[in-house]
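Novice: build me a model from this:
(chains A and B)
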Amino acid sequence: GAGVSQSPSNKVTEKGKDVELRCDPISGHTALYWYRQSLGQGLEFLIYFQGNSAPDKSGLPSDRFSAERTGGSVSTLTIQRTQQEDSAVYLCASSFRGKSEAFFGQGTRLTVV
Amino acid sequence: AQKVTQAQTEISVVEKEDVTLDCVYETRDTTYYLFWYKQPPSGELVFLIRRNSFDEQNEISGRYSWNFQKSTSSFNFTITASQVVDSAVYFCALSERYGSARQLTFGSGTQLTVLP
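Specialist: Residues are numbered from 1 along each chain as shown, chains lettered A, B, ... in the order given. Okay, the predicted model is just below:
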């Protein structure tokens, strides 16, 4: 597709389970970003990937959160031992070489019950 | 620490009215970048504009215009002759180091409703 694709669009999980969220960036985009949007905290930066450089993990809220980007393309955000406060919409974006215009996906709505 | 304040939680206007969305920011850096994003009901964030701290020139893009004033730490967004399709949540954001979407600090957003 032409845009950033995220899957699943919705995920309901039980507290304590692990979840994986997937992001397919726009082809050719070297920069990839994850953000979280929640009612209580608003939009928060999580992690940034640029090419083969070490990722900027400064926004990850705890060590239960991790992300990887395979082959410089698809990215997976993993949340281990989910908690209710992890409930949010997780947004992924990509851009060309870290330029100003980033393109966002429609997000994955995660609900922890 | 950096902070972005969008004091207007919700605004409702009638089509063809002009509307201004306010954004006030706080930063200790002399080099920083300001952004506006639009979030329609479909959920994705749509990039509208980026401004760096050294460029206070106002910008106009069609019905959209932006007023950047360092003296008041504001970066306001005006929509002229609003349309129903402008209905969305609008976010102002700040980056102290990067001109990209890396480490953006967002405001809480303003829900704009344009009534027909």
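Novice: from here on, just use CA atoms for contacts and neighbour counts.
Specialist: Will do.
Novice: now do the helices in chain A.
Specialist: Read by DSSP state H, chain A holds no helices at all.
Novice: what about the strands in it?
Specialist: A:5-7, A:10-13, A:19-24, A:31-38, A:42-50, A:65-69, A:75-79, A:88-95, A:103-104, A:108-112 (DSSP state E).
Novice: swap in chain B?
Specialist: Under DSSP E, chain B gives strands at B:3-5, B:10-14, B:19-21, B:24-26, B:33-39, B:46-52, B:59-61, B:64-69, B:74-79, B:88-95, B:105-106, B:110-115.
Novice: weakest of those in terms of mean pLDDT?
Specialist: Of all the strands of chain B, mean pLDDT reaches its minimum on strand B:59-61 (a mean of 90).
Novice: neighbours of residue A:62, how many?
Specialist: Around residue A:62 sit 9 other residues, with neighbours defined as other CA atoms under 10 Å in any protein chain shown.
Novice: state the distance from it to residue A:79.
Specialist: If you measure residue A:62 against residue A:79 using CA to CA, to the nearest Å, the figure is 9 Å.
Novice: just residue A:107 next, same as before
Specialist: 15 Å.
Novice: tell me the pLDDT of residue A:1.
Specialist: 54.
Novice: for residue A:20, same thing?
Specialist: Per-residue confidence for residue A:20 comes out at a pLDDT of 98.
Novice: surely it and residue A:78 touch.
Specialist: Yes: with contact defined as CA atoms under 8 Å, residue A:20 reaches residue A:78; the gap is 4.5 Å.
Novice: chain B contacts on chain A?
Specialist: A:33, A:42-46, A:48, A:59, A:91, A:98-107 (CA under 8 Å from any CA of the partner chain).
Novice: residue ranges in chain A under the pLDDT threshold?
Specialist: Applying pLDDT under 70 to chain A flags residues A:1, A:98.
Novice: tell me the contacts of residue 90?
Specialist: Chain wasn't specified; assuming chain A. Residues in contact with residue A:90, defined by CA atoms under 8 Å, 6 or more residues apart in numbering or on different chains, are A:34, A:35, A:36, A:37, A:107, A:108, A:109, A:110.
Novice: actually, chain B is the one I wanted.
Specialist: Taking CA under 8 Å, 6+ apart, we find residue B:90 in contact with B:36, B:37, B:38, B:39, B:109, B:110, B:111, B:112.
Novice: number of nearby residues for the second one?
Specialist: Residue B:37 has 19 neighbours, counted by other CA under 10 Å.
Novice: okay, and the beta partners of residue A:111?
Specialist: Beta-bridge partners for residue A:111, by DSSP bridges, are residue A:12.
Novice: and the gap between it and residue A:88?
Specialist: Applying CA to CA, the value for residue A:111 to residue A:88 is 7 Å.
Novice: hang on, the earlier thing: compare residue A:107 and residue A:79 (neighbour count), which wins?
Specialist: Between residue A:107 and residue A:79, counting by other CA under 10 Å, residue A:107 is the more crowded of the two (30 against 20).
Novice: show the contacting residues for the more buried one.
Specialist: A:6, A:7, A:9, A:89, A:90, A:91, A:92, B:43, B:44.
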